[in-house]
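Undergrad: Here is a sequence together with a model predicted from it:
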Amino acid sequence: RKEVEQDPGPFNVPEGATVAFNCTYSNSASQSFFWYRQDCRKEPKLLMSVYSSGNEDGRFTAQLNRASQYISLLIRDSKLSDSATYLCVVRENSGYSTLTFGKGTMLLVSP
Amino acid sequence: DGGITQSPKYLFRKEGQNVTLSCEQNLNHDAMYWYRQDPGQGLRLIYYSQIVNDFQKGDIAEGYSVSREKKESFPLTVTSAQKNPTAFYLCASQVGGGGANVLTFGAGSRLTVL
């Protein structure tokens, strides 16, 4: 059974803190990886795709370790507006039906 | 503005009634999906469609039905056979084959069965 496991939350951090989320996936054949952000009672929105060499978008850095089947998301200089649930999403191959979503990790950034 | 429109946003129904959730996209995407989200749970795939007049069951299709008569539209019917229909329903679309292509979601429909 395909599984994507994320850190249990919530993570409570002060503004300006650095926070890291971890995600592991069970299927070694997984090909594509994403982080989505979901605000309370809203739809998920793509935060960033995760590339093999790692990638950065402003304060957000994503890393992939295929050998350990592990994905991470680092948020630097946390803002109040970063408060949300972060979903780790994995696609097994090029097929349409093979996206697996983690349950998400909630982040609460306080003043 | 291109996007995915889901309606209604909130829906209340009595037990035993069928309900249909609308999903329309103007992104010219080939593939469309329906997911269900329950509190504290990951998204679970109900049905998906790669092309018009074709659709496949996802992981939790029992008690649901769909149609894909137009590229833009992928309505979901929650039938009385669905045991626990109260949930947040999300429609999504994707430009083409999987791989690195990303899903775009609609704003969701929140169904409560009384």
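TA: Received, thanks. Numbering: from 1, shown residues only, chains lettered A, B, ... in the order given.
Undergrad: and the gap between the closest residue to B:L11 other than its chain neighbours and B:S67?
TA: Once flanking residues are discounted, B:L11 sits nearest to B:L111: 4.9 Å by C-beta to C-beta, 6 or more residues apart in numbering or on different chains. Placement of C-beta: from N, CA and C, glycine included. B:L111 sits 18 Å away from B:S67, going by C-beta to C-beta, to the nearest Å.
Undergrad: same deal with B:G108?
TA: As defined by C-beta to C-beta, B:G108 lies at a distance of 20 Å from B:S67.
Undergrad: Name the residue in those two with the higher neighbour count.
TA: Neighbour count, other C-beta atoms under 10 Å in any protein chain shown: between B:G108 and B:S67, B:G108 has more, with 22 against 15.
Undergrad: Sketch out the strands for the chain, chain order is fine.
TA: I'll assume chain A. A:4-6, A:11-14, A:19-25, A:32-38, A:44-50, A:55-57, A:60-65, A:70-75, A:84-91, A:99-101, A:105-110 (DSSP state E).
Undergrad: Sorry, I should have been clearer: chain B.
TA: With DSSP E as the criterion, chain B has strands at B:4-7, B:10-13, B:19-25, B:31-37, B:44-49, B:56-57, B:64-66, B:76-78, B:87-94, B:104-105, B:109-113.
Undergrad: Does anything pack onto the fifth one? Which helices or strands?
TA: Strand B:44-49 sits against strand B:31-37, strand B:56-57, strand B:64-66, with contacts defined as 3 or more C-beta pairs under 8 Å, 6 or more residues apart in numbering or on different chains; DSSP states H and E.
Undergrad: which residues of chain A score low on pLDDT?
TA: By pLDDT under 70, the low-scoring segments of chain A are A:1, A:94-98.
Undergrad: Spell out which parts of it neighbour chain B.
TA: A:4, A:31-32, A:34, A:41-46, A:49, A:87, A:91, A:93-104 (C-beta under 8 Å from any C-beta of the partner chain).
Undergrad: Would you check that B:L76 makes contact with B:S67?
TA: No - the criterion here is C-beta atoms under 8 Å, and B:L76 misses it with B:S67 at 9.1 Å.
Undergrad: that older thread, CSV please, covering the strands of chain B and showing mean neighbour count.
TA: CSV is the format used below for these (neighbours: other C-beta atoms under 10 Å in any protein chain shown):
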stretch, mean neighbour count
strand B:4-7, 18
strand B:10-13, 14
strand B:19-25, 19
strand B:31-37, 25
strand B:44-49, 22
strand B:56-57, 14
strand B:64-66, 20
strand B:76-78, 20
strand B:87-94, 23
strand B:104-105, 21
strand B:109-113, 18
